[in-house]
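[1] fold the following, please.
(chains A and B)
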Amino acid sequence: MTADVPYTDPFWEALEDDRFLIQACEDCGQAYFPPAPVCPECHADSVEWVESSAEGELYAFTKQHQTAAGFDSPIVLGTVELAEGPRVLVRIDADYDELSIGAPIELRPVEYEGSAERGRLEDRPFFRGFLA
Amino acid sequence: MATPYVTGTAAVPNGTYQRPERDLATDVLVEAVSAAGLSLGDVDGVYMPKPRPWAPQSFFSTFLAHRLGLDLKRNLELYTGGTSGGSAFRAATQDVREGNVDVAVVMAVERASISDTDEYFEYILKLFDREFQSPAGPSIPGIYAQSFQRYCHDFDVDRTDVAEIVVKNRENALENPDALFDEPIDAEDVLESRRISEPIRLYECPAPCDGAAAMVLTTETDADRGDSPPVEVAGTGYHHAPSHWLGARGRDLSELPAAGTAISEALGSAGIGTDDLDVFEPYAPFPHVEAILTEELGVAKRGDGVDACVRDDEGGLPVSPSGGCLGRGHPAMVTPLLNHLAAVRQIRGTAPNQVSGAERVLTTAEHGHTDGVNATVFAGGV
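    Numbers count the residues shown, from 1 in each chain, chains lettered A, B, ... in the order given. Take a look at the predicted model:
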């Protein structure tokens, strides 16, 4: 029987050590994010945690002028396509005007300062994108 | 299998209402049933989106059934974002087809005017991946802005051209007395309106507002009892790609593959092709979405959707003659039914911006940047 531990805990533990884990299917080789116990490509359940490079290219981005209460405004929000393939939605720590599609981005852990409820993760770091 | 027909319909103009959801819902339900030439005792199926989280009344469907003394074989209340009204309609259509109900009422009500900004944003954050996305603080325009950017990038589309879709829809809305907006704007107005999430400007966002609508679906037996000609629901389709905000897995942000699949299913079940359509009333909360949808429909090649949306020559398929989300305003739970109502009116010959001889109209409804789509074909003259 599976232990009563949230499936994603290994990701958050690794992030504390500046490691950005993704998952990979042992059957079809697909790398994917966010974590899930079955491969979203072939549905095999033999999947493993893999340390990604935490590097990728900026796939799309925006300067968002309206944000929820307790968040900075404006924010730069973007989608980073990791070198391994998966796309990740992130705050980007850069000026909107210095970004372009394809810009190299690194994902790094940060102390979380927003006001989203994170439950059991509230004392854990979150992650953000930085121009590489 | 019975053929489902839309008979009675009712809607309130988009705007701001003091009367609560229970009253707006009661009004449109009772009026639609009356317009169908039927009585509340005839209604044996009610289908609706769950009103939004800030609506004071929960268990709305059961509350309404009790309030109006409805004894129902089917009572369905569902919520999956913007396509909810479309899914409710599709479920009703299926139940009428299969003979599970004889008289279905599909209805929706929304009061955006009672939600406050903080409450709204808190609700929005819940829609994203709570662990991996919500903490970044995304908003709905923050996501659509990225697909807008990607669309322009992938197909070398000038973003100023995309603004013309807003101009067109606002112009169409001038003829629609139920629309929120009654003044024309030009592209400069759009491009100089407040920045929301770049490149999206305020006038490129759907305006939240209050609204309510109801439609009665019934079989041929009762279809002619109403005060207006019945309109056949000729085909329905639905698809949801493996997609949650960032595009379907393995696909680009500038495409909506589930829309293409749902539309194909609806056209196929109606036994028609794209060329047989006379009008397209899509769920397009942002202008680039309207362009992409014409491409998924197949009336424009990839990247040529803007032209397909704004052309007004006889060779083109009219897109959003009712004004759509951008011209009418957008009470999200009601919008799918407003698209259906626009289709019904086109076929009855009573629509604003009436397309001459319209007999086949396609509508779509979408969850909200998750590429989950209901598609419906309405037909007249059959």
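
[2] give the buried residues for stretch A:103-121.
    Using 16 or more other CB atoms under 10 Å in any protein chain shown as the test for burial, stretch A:103-121 gives A:103, A:105-107, A:109, A:112, A:114-116, A:118, A:121. Where you see a C-beta, it was placed from the backbone N, CA and C, and this is true even at glycine.

[3] and the residues you listed, which is closest to residue A:70?
    Ranking these by separation from residue A:70, with CB to CB as the measure, puts residue A:115 on top at 2.6 Å.

[4] which residues sit in contact with that closest one?
    Applying CB atoms under 8 Å, 6 or more residues apart in numbering or on different chains, one finds that residue A:115 lies in contact with A:68-71.

[5] can you pull the pLDDT of it?
    We have a pLDDT of 91 for residue A:115.

[6] with the one 3 residues further on instead?
    The predicted structure scores residue A:118 at 97 on the pLDDT scale.

[7] and for the closest residue to it other than its chain neighbours, the neighbour number?
    Nearest-residue entry for residue A:118: residue B:135, 6.2 Å, with adjacent residues in sequence omitted and distances by CB to CB, 6 or more residues apart in numbering or on different chains. Applying the criterion other CB atoms under 10 Å in any protein chain shown, we find 26 residues in the vicinity of residue B:135.

[8] surely residue B:135 meets residue A:112?
    Yes: proximity of residue B:135 to residue A:112 meets the contact threshold set by CB atoms under 8 Å, at 6.2 Å.

[9] contacts for the helix or strand where residue B:325 lies, please.
    Per DSSP states H and E: residue B:325 is located in helix B:324-328. The contact list for helix B:324-328 (CB under 8 Å, 6+ apart) reads B:14, B:165-166, B:169-173, B:176, B:178-181, B:203-204, B:206, B:281-287, B:290, B:320, B:322, B:335, B:338-339.

[10] in strands only, show me those.
    Secondary structure assignment by DSSP state E places B:14, B:281 of these in strands.

[11] up against chain A, what does the stretch 201-350 of chain B have?
    Near chain A, the residues belonging to the stretch 201-350 of chain B are B:242, B:245-247, B:249-250, B:253 when assessed by CB under 8 Å from any CB of the partner chain.

[12] mind running it again at 7 Å?
    If contact is defined as CB under 7 Å from any CB of the partner chain, the residues of the stretch 201-350 of chain B in contact with chain A are B:242, B:245-246, B:249, B:253.

[13] give the helix, strand or coil label for the most centrally placed residue in chain A.
    Centroid-nearest residue in chain A, with CA atoms, centre = their mean: residue A:88, separated by 4.9 Å. Using DSSP: H, G, I helix; E, B strand; the rest coil as the criterion, the local structure at residue A:88 reads strand.

[14] can I get the residues of the stretch 201-350 of chain B next to chain A in a markdown table including secondary structure?
    Formatted as a markdown table, the entries for those read as follows, by three-state DSSP:
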| residue | secondary structure |
| --- | --- |
| B:242 | coil |
| B:245 | coil |
| B:246 | coil |
| B:249 | coil |
| B:253 | coil |
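
[15] can you flag the buried ones in those?
    Buried subset of those (neighbour count, 16+ other CB under 10 Å): B:245-246, B:253.

[16] of those, closest to residue A:17?
    Ranked by distance to residue A:17 (CB to CB), those are led by residue B:246 at 26.2 Å.

[17] neighbours of the closest residue in space to the closest one that isn't next to it in sequence, how many?
    With sequence-adjacent residues excluded and distances taken as CB to CB, 6+ apart, residue B:246 is closest to residue A:87, at 5.2 Å. By the criterion of other CB under 10 Å, residue A:87 has 19 neighbours.

[18] could you do residue A:48 as well?
    Counted with other CB under 10 Å, residues neighbouring residue A:48 total 9.

[19] kindly report the residues of chain A close to chain B.
    Proximity of chain A to chain B, by CB under 7 Å from any CB, involves residues A:8, A:34, A:40, A:60-69, A:71, A:75, A:77, A:79, A:87, A:89-91, A:96, A:101, A:112, A:114, A:116, A:118, A:121, A:126.
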